[in-house]
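Trainee: just need the structure, nothing else, for what follows:
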Amino acid sequence: MACLLACLSKFFCYSNALSLPVVAIFMITKINITVKEWTSARLFGSNQIFREFALGSLLDTIKKQINLIAAVDGRGGPERLEMGKIWRNLAAAGLWLVFATACASTPPKGEIGVSVTPAAYAGGAGTAVSFACSNLAPERVRAPSVHGCDDTVYWDYALADSRASDPVLFEKTIVTELTEHQNMGGARFRFPSGIEKTVYRGSFLTANLACLDGLVKKRNVRSVVNLYRGELQSHLKLAEEEASAFESFGGRAYIQVLNYDYSLEDQTKETLFQRVAEIVRLVETAPGDVMIHCFGGMHRTGVLFGVMQKCLNRVPIEQALAEYRCHTDWKSTERPGGARKENEMALREFPCELLSGK
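Mentor: Below is the predicted model:
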């Protein structure tokens, strides 16, 4: 505080009408840089280690910017040197003001490795904007949306009909549409063990890394559970790129689920139910909050998420089905989008006692 007051006193003593406009432009530029660096550092997490890292990063930035000013403006003789000192003091005052403001907004203290509940949940229901399809679920369970994540769904009846006749075109088109339609949703869950976490759902996020970055840094998503291992071979490259980006953003676990198919053509419903129960337990024990997805976020994701809504959140089955249909672009019985009767049957008949943990 003493340093801050001293710098402020020098600001008022040395500044003059001629230098103020130039100094103002300079200060805005340097303050913007410092705030961005502070924000970037803070987003890594809310525990003590990351807060200390952010503090050190900001202090280092302040020191570098002040030294840079003195070096540049101290050239050119005694008068320039004196002006360089003045500018250095002005910069110190402004940057220390930014530092004091940033410190006042330091994240709430928490234990190392334990996430602090985001403000979106601290006030209960109705505190944040939800994704479109999530609004069909009870308000008490909705997860807040994430800036940059798209919640629209893509369905083309003509393209769906051509899947067998032109599989190459079908796959190419589907992959292209992932850049604009991520089919996002999410809900808050309490698992049988007492663990509470938010689970987001959608499609591959390889084409929208800003969304993935936001999930990690703003919503505590530390795990991605990839449910797709189907016939569209582009999933291999999509998964590789998504996993690499997720790790670089600070994600901890990228989990590829094998042998999970929503179709009942080659398996009994009992086999499907058992597999769904196993994946729910996987989501429960994964680090942090979780993002689950298949390819387009409709069927594999829809069955799993619908079961969790029905059994863990006690969402009435008709609401769970409405949310499932929304994510398949269902409009009516005449225009059902990608909704499948076998998926809806699985949601209706899934025995919730499989998730009881007994």
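Trainee: use CA for all of it now, contacts and neighbours both
Mentor: Fine.
Trainee: which residues are in contact with stretch 341-358?
Mentor: For stretch 341-358, the external contacting residues (C-alpha atoms under 8 Å, 6 or more residues apart in numbering) are 192-193, 262-264, 269, 273-274, 277, 280-281, 299, 302-303, 306-307, 310-311, 317, 321.
Trainee: rerun at 10 Å
Mentor: 191-193, 262-265, 269-270, 272-274, 276-278, 280-281, 298-300, 302-312, 314, 317-318, 320-322, 324-325 (C-alpha atoms under 10 Å, 6 or more residues apart in numbering).
Trainee: out of those residues, which are buried?
Mentor: Among the contacts of stretch 341-358, those classed as buried by 16 or more other C-alpha atoms under 10 Å are 191, 262-263, 269, 272-273, 276-277, 280, 298-300, 302-312, 317, 320-322, 324-325.
Trainee: so of those residues, which ones are in helices?
Mentor: 269, 272-273, 276-277, 280, 300, 302-311, 317, 320-322, 324-325 (DSSP state H).
Trainee: which parts of the stretch 101-250 of the chain are helices?
Mentor: 119-122, 157-161, 167-177, 209-219, 235-249 (DSSP state H, counting those that start in this stretch).
Trainee: nearest to Ala187, of the ones you listed?
Mentor: helix 119-122 (11.1 Å; C-alpha to C-alpha).
Trainee: show me what contacts the nearest residue to Glu241 once chain neighbours are set aside?
Mentor: Spatial nearest neighbour of Glu241, excluding adjacent residues (C-alpha to C-alpha, 6 or more residues apart in numbering): Thr206 at 6.4 Å. Going by C-alpha under 10 Å, 6+ apart, Thr206 touches 175, 178-179, 182, 212, 237-246.
Trainee: distance of Thr206 relative to Glu247?
Mentor: 13 Å (C-alpha to C-alpha, to the nearest Å).
Trainee: equivalent analysis for Val129, please.
Mentor: Taking C-alpha to C-alpha, one finds Val129 at 27 Å from Glu247.
Trainee: what of Asp156?
Mentor: 33 Å.
Trainee: more neighbours, the two?
Mentor: Each of Asp156 and Glu247 had its neighbours counted (other C-alpha atoms under 10 Å), and the higher figure belongs to Glu247 (15 against 11).
Trainee: okay, now the unreliable bits of this structure?
Mentor: 1-128, 357-358 (pLDDT under 70).
Trainee: run a quick neighbour tally on Tyr260.
Mentor: For Tyr260, using other C-alpha under 10 Å, the count is 16.
Trainee: quick check: phi and psi on it?
Mentor: phi -120, psi 110 (degrees, to the nearest 10).
Trainee: one more: Val290?
Mentor: phi -130, psi 140.
Trainee: what sits opposite it in the beta ladder?
Mentor: Val199, Ser223 (DSSP bridges).
Trainee: wait, doesn't it sit right on Glu284?
Mentor: Yes: applying C-alpha atoms under 10 Å, one finds Val290 in contact with Glu284, separated by 8.8 Å.
Trainee: those two: which is more packed in?
Mentor: The neighbour count for Val290 versus Glu284, taken as other C-alpha under 10 Å, is higher for Val290 (27 against 22).
Trainee: list the contacts of that one.
Mentor: 186, 197-201, 215-216, 219-225, 253-254, 283-284.
Trainee: could you do Lys331 as well?
Mentor: So Lys331 contacts Arg325, Gly337, Ala339 (C-alpha under 10 Å, 6+ apart).
Trainee: surely it is in a helix?
Mentor: No: the assignment for Lys331 by DSSP: H, G, I helix; E, B strand; the rest coil gives coil, which leaves it out of any helix.
Trainee: close enough to count as contact, Phe191 and Arg281?
Mentor: Yes: using C-alpha under 10 Å, Phe191 makes contact with Arg281 at a distance of 8.6 Å.
Trainee: quick check: Ser203 vs Thr268, distance?
Mentor: 26 Å.
Trainee: neighbour count: these two, which is higher?
Mentor: Per other C-alpha under 10 Å, whichever of Ser203 and Thr268 has more neighbours is Ser203, with 25 against 10.
Trainee: surely that one meets Gly297?
Mentor: Yes: look at Ser203 against Gly297 with C-alpha under 10 Å: they come within range, at 4.4 Å.
Trainee: tell me the residues that contact both of those two, please.
Mentor: Counting by C-alpha under 10 Å, 6+ apart, the residues touching both Ser203 and Gly297 are Val153, His181, Gln182, Asn183, Met184, Leu227, Tyr228.
Trainee: looking at these, which has the most residues close by?
Mentor: Met184 (29 neighbours).
Trainee: residue contacts, it?
Mentor: Residues in contact with Met184 (C-alpha under 10 Å, 6+ apart) are 130-134, 145-146, 149-153, 200-203, 205, 211, 291-293, 296-297, 327.
Trainee: what about it, distance to His327?
Mentor: 8 Å.
Trainee: re the thing from before, Val168: which of the contacts of Lys331 is nearest?
Mentor: Of the contacts of Lys331, the one sitting nearest to Val168 (C-alpha to C-alpha) turns out to be Gly337, at 21.0 Å.
Trainee: give me the number of residues near the closest one?
Mentor: Around Gly337 there are 21 residues (other C-alpha under 10 Å).
Trainee: where's it relative to Lys331, distance?
Mentor: In terms of C-alpha to C-alpha, Gly337 sits 7 Å off from Lys331.
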